[in-house]
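J.: Quick one, structure for this:
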Amino acid sequence: MKLEELTSELLAQAIGIYLQRAYPDGPAPEVVRGRAEIPPGLRGAALFADERYERVPPKTAVEQATRFNLRLGNAMYPNMKLGVDRVGGSAEFVLVVDTHDKLFASVIQESEREKYRALLDHNRRLQEEIQRAWSAAGLPTFELYLRAQMAGLARGQAEGRK
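T.: Just a heads-up that it's a prediction; the model follows:
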């Protein structure tokens, strides 16, 4: 999906799905709910110009960013993010869940390794569940992007045989 096709409404739907799964036992913390409130009627660059989105690379123009992150966390880990990721060098963007949890592996004490592994497993399962739910809802995910690319290749090959 092109940047200008991403709307407040689409992002609000993605956030709703994310929060339902990330906080299954009740509402997200107040700070997360504040970040999750998306002003209606925005699209593209206007939507992602908001300071709540971390841009990658940092301090780059919205149109040049390769990713926009919104830190929503989950019930066990506050640093998980909803990401809107540029696909390769293309103009297409997809929704991703960034678990943002592998950075700490080198500083985890041996006595905490089992808890850390459990957290990694939890976050990976949650990441997969959210991304599957987005795909099922027809939201732009890498899975749906790849399916569309493969369908286009198959069409091209079929047309080439005619």
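
J.: For the rest of this, base every contact and every neighbour count on C-alpha atoms.
T.: OK.

J.: mind listing what Asn123 touches?
T.: Thr99 (C-alpha atoms under 8 Å, 6 or more residues apart in numbering).

J.: So which residues make contact with the helix or strand hosting Arg55?
T.: Assigned by DSSP states H and E, Arg55 falls within strand 54-56. The contact list for strand 54-56, computed with C-alpha under 8 Å, 6+ apart, reads 62, 65-70.

J.: so how far is the longest helix seen in the chain from its chain's centroid?
T.: Of all the segments of type helix in the chain, defined by DSSP state H, the longest one is helix 113-136. Centroid separation between helix 113-136 and its chain, computed with C-alpha atoms, centre = their mean, to the nearest Å, is 13 Å.

J.: Just the buried ones from the contacts of strand 54-56, in PyMOL syntax?
T.: PyMOL command restricting the contacts of strand 54-56 to the buried ones, with burial defined by 16 or more other C-alpha atoms under 10 Å:
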select buried, resi 62+65+66+67+68+69+70
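
J.: between the contacts of strand 54-56, which is nearest Gly152?
T.: Of all the contacts of strand 54-56, Gly152 sits closest to Thr66, with 24.1 Å by C-alpha to C-alpha.

J.: Okay, helices next: where are they in the protein?
T.: With DSSP H as the criterion, the chain has helices spanning 8-22, 30-36, 44-48, 113-136, 142-160.

J.: Met76: what's its closest spatial neighbour, skipping adjacent residues?
T.: Spatial nearest neighbour of Met76, excluding adjacent residues (C-alpha to C-alpha, 6 or more residues apart in numbering): Leu119 at 7.6 Å.

J.: How about Val87?
T.: That would be Phe93: by C-alpha to C-alpha, 6+ apart, it lies 5.7 Å from Val87.

J.: sorry, back to before: take the contacts of strand 54-56 and keep only those in strands.
T.: Mapping these onto strands (DSSP state E) picks out 67-70.

J.: possible to save those as JSON lines with pLDDT?
T.: Listed next are these as JSON lines, based on pLDDT from 0 to 100:
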{"residue": "Arg67", "pLDDT": "96"}
{"residue": "Phe68", "pLDDT": "97"}
{"residue": "Asn69", "pLDDT": "97"}
{"residue": "Leu70", "pLDDT": "97"}
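
J.: Now the two most distant members of those residues.
T.: Arg67 and Leu70, at 10.0 Å, using C-alpha to C-alpha across the ones in strands among the contacts of strand 54-56.

J.: Perfect, that will be all.
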